[in-house]
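Q: Sequence first, predicted model second:
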Amino acid sequence: MKTKTLIWIAAIWVMLTLVNYYFVPYFIVALEWLAMSLGLFIWSLVQIGKIIRERKALSKQRLFSALTICILFILTFYRQPVNGLIEKADWYVFYSKRNSVVDLVKEGKLTPNVSWNNWVCELPYVFPVISNGGNDIGISKNDSTGKVTVTFWVFRNFFSSPSTHFVYSDDPNEIEEINNLIKNNPQDNWKITDNWYRTYYE
């Protein structure tokens, strides 16, 4: 394969990974992951087979092609490190936008507004995607203190499966619950900065 073709393959893989992260429902992502892993695994074996056949007159381009496809297979199969990098970049890129949403919640300009749930608020725009799975956020308010908790989905699962979130809270009760999550499962739950947490729960 020519270098230009490999660059296009890598670019398409990056675009598909980002689309899956932000827009595609989890059950479709699972099917895509299976199909892509299997396809890239077979493609990697084909490339390795060609290296073996051409070992006496092996070209740099053949090695580069095989290396590229094998790396894409590994990054696809072990997708958690890739998703972790996207999650970190997403946090920094949209930090100020999420803070502005929190301010609107505190001012009462954003409140739960869907008929099927009493805590979900559908944001009045599609882009940028600051809460995956439809740009919905979760809003909880302590009526006695006025403190709020705003949940942004990082990976939105459905039914009773756990989801990943960025959570803002200035409510001591909610913060205590989050701290318990952190204590019990620090690998998936942690404090990011003042009043901001990364959580993983149902």
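A: That came through, no problem.

Q: Where is the longest helix in this protein?
A: When the chain is scanned for its longest helix (criterion: DSSP state H), the result is helix 26-53.

Q: And that one, how far out from the chain middle?
A: 22 Å (Cα atoms, centre = their mean, to the nearest Å).

Q: Determine the set of other helices and strands touching it.
A: Secondary-structure packing of helix 26-53 (3 or more Cβ pairs under 8 Å, 6 or more residues apart in numbering; DSSP states H and E): helix 3-22, helix 60-77. Every residue, glycine included, has its C-beta placed from N, CA and C.

Q: Return the most buried member of those helices.
A: Mean neighbour count, computed with mean count of other Cβ atoms under 10 Å, is highest for helix 60-77 among the helices and strands packed on helix 26-53, reaching a mean of 17.

Q: next SSE after that helix?
A: helix 80-93 (DSSP states H and E).

Q: Report the buried residues of that next one.
A: 83, 86, 90, 91 (16 or more other Cβ atoms under 10 Å).

Q: Format those residues as JSON lines; extra columns: pLDDT.
A: Listed next are the buried residues of helix 80-93 as JSON lines, based on pLDDT from 0 to 100:
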{"residue": "83", "pLDDT": "90"}
{"residue": "86", "pLDDT": "94"}
{"residue": "90", "pLDDT": "95"}
{"residue": "91", "pLDDT": "96"}
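
Q: Could you pull up phi and psi at residue 139?
A: Per-residue torsions, residue 139: phi -120, psi 120 (degrees, to the nearest 10).
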